[in-house]
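1. Following is a predicted model, sequence given first.
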Amino acid sequence: MEMTLSELDNKAVRIALHGRLDTPGVDTIETRFAAAAARKNALIDLSDVTFLASMGIRMLLSAARALKLSGHKLILFGAPSLVGETLEHAGLSQIVPIAPDEATALQLLGA
Amino acid sequence: MTLSDAAAGAAASGLCTAHPSGSGLRLDVANNLAATALVLEAVRDHLAAHSVGERGIYNSELLIEELFTNTVRHGYNGDGAHRISIRIDVAADAISFEFDDDAKEFDPTLQAAPPAFQSLEDAPIGGLGLPLVRKMAQSMVYRRSSGHNLLSIRIANN
């Protein structure tokens, strides 16, 4: 599990996740991810995530909640179809914005 | 192979041993989260060798990840060395799983489905795994016998 951080501007950061968001994957990345998804709006690029289990959802949910408490947004985008199904099954779309692509995610950020 | 490689290999095989027979596979796994990746790899290889498609493999991995890690974390809670048996059988239309462990009694079919999320602030951060399993399961049967949890689950092979 890896992550790539890009500063979009002084209000938002894009975090691309690569690999499997399962128990071992989350273990390797959780601390860095929590530090990166803080203090600014965060767009999370899931296009290179090949597997998502509940530990991964928990990591995304924790960051989304922490950001909301500081007045920021976390937006997920680009999930491959099976990863998107897991997000849907977990009911995450009711509380975290999920966009098909980065352009839509940026629009949601402005909204 | 160095000595330390050999030691690592021996330790790894103790974490998870695979017993394939035809369309079936039985895994004998230690109650150790470090075995998770080995279990999933063995499952992936077996299902791919039996022409299971991408969704069937993904859902099988998800189901096993959730149930195995739940049992290790909450069923045993670090209490000594135990073995968990996982059987997988591939049929044309379904993939079946049987979990057998001697962890504390836990019937996942009795867990109420969690209410839908209302808001980010109120969303429960844990307990997300079993609902995912229930969403995928076509059937889920639990019984407790001779101090063992026996759980049979079937999902679609598609």
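-> Right, received. Where do you want to start? Residues are numbered from 1 along each chain as shown, chains lettered A, B, ... in the order given.

2. Residue nearest the middle of chain A, spatially speaking?
-> Note on chain A: the residue nearest the mean C-alpha position is A:Ile44, at 3.5 Å, using Cα atoms, centre = their mean.

3. With chain B instead?
-> Looking at chain B with Cα atoms, centre = their mean, the centroid-closest residue comes out as B:Ile64, 2.6 Å off.

4. Need the per-residue pLDDT for it.
-> For B:Ile64, the model assigns a pLDDT of 97.

5. Quick check, it in contact with B:Arg87.
-> No. Taking Cβ atoms under 8 Å as the definition, B:Ile64 is not a contact partner of B:Arg87, at 11.2 Å. For the C-beta atoms, the positions are set from N, CA and C on the backbone; glycine is no exception.

6. B:Arg26 belongs to a strand?
-> Yes. The assignment for B:Arg26 (DSSP: H, G, I helix; E, B strand; the rest coil) places it in a strand.

7. List phi and psi for the closest residue to it other than its chain neighbours.
-> Excluding its sequence neighbours, the residue lying closest to B:Arg26 (Cβ to Cβ, 6 or more residues apart in numbering or on different chains) is B:His19, at 4.4 Å. B:His19 has phi and psi values of phi -130, psi 90 when expressed as degrees, to the nearest 10.

8. Kindly report the same for the one 4 residues further on.
-> With angles defined as degrees, to the nearest 10, B:Ser23 sits at phi -80, psi 0.

9. what's the answer for B:Phe97, then?
-> When read as degrees, to the nearest 10, the backbone of B:Phe97 gives phi -130, psi 140.

10. what number of residues lie near it?
-> 21 (other Cβ atoms under 10 Å in any protein chain shown).

11. ok, so what distance separates the closest residue to it other than its chain neighbours from chain A?
-> Excluding the flanking residues, the one nearest B:Phe97 by Cβ to Cβ, 6+ apart is B:Ile153, at 4.8 Å. Using Cβ to the nearest Cβ, to the nearest Å, B:Ile153 is found at 15 Å from chain A.

12. hey, which strand is longest across chain A?
-> Longest strand of chain A, by residue count under DSSP state E: strand A:41-52.

13. re the thing from before, the residue nearest to B:Arg26 touches B:His46, doesn't it?
-> No. Between B:His19 and B:His46 there is no contact, the gap being 10.7 Å when judged by Cβ under 8 Å.

14. Give me the common contacts of those two.
-> Residues touching both B:His19 and B:His46 (Cβ atoms under 8 Å, 6 or more residues apart in numbering or on different chains): B:Leu25.

15. who's more crowded, those two?
-> Higher neighbour count among B:His19 and B:His46: B:His46, with 20 against 11, using other Cβ under 10 Å.

16. Against B:Leu67, how distant is that one?
-> Distance from B:His46 to B:Leu67, counting by Cβ to Cβ, to the nearest Å: 17 Å.

17. ok, now B:Asp122?
-> With Cβ to Cβ as the criterion, B:Asp122 and B:Leu67 are 27 Å apart.

18. Counting neighbours, go ahead and name the busier of the two.
-> Neighbour count, other Cβ under 10 Å: between B:Asp122 and B:Leu67, B:Leu67 has more, with 22 against 10.

19. residues from chain A in reach of chain B?
-> Within reach of chain B by Cβ under 8 Å from any Cβ of the partner chain, chain A has these residues: A:22-24, A:51, A:53-55, A:57-58, A:61-62, A:64-65, A:68-69, A:82, A:86, A:89-92, A:94-96.
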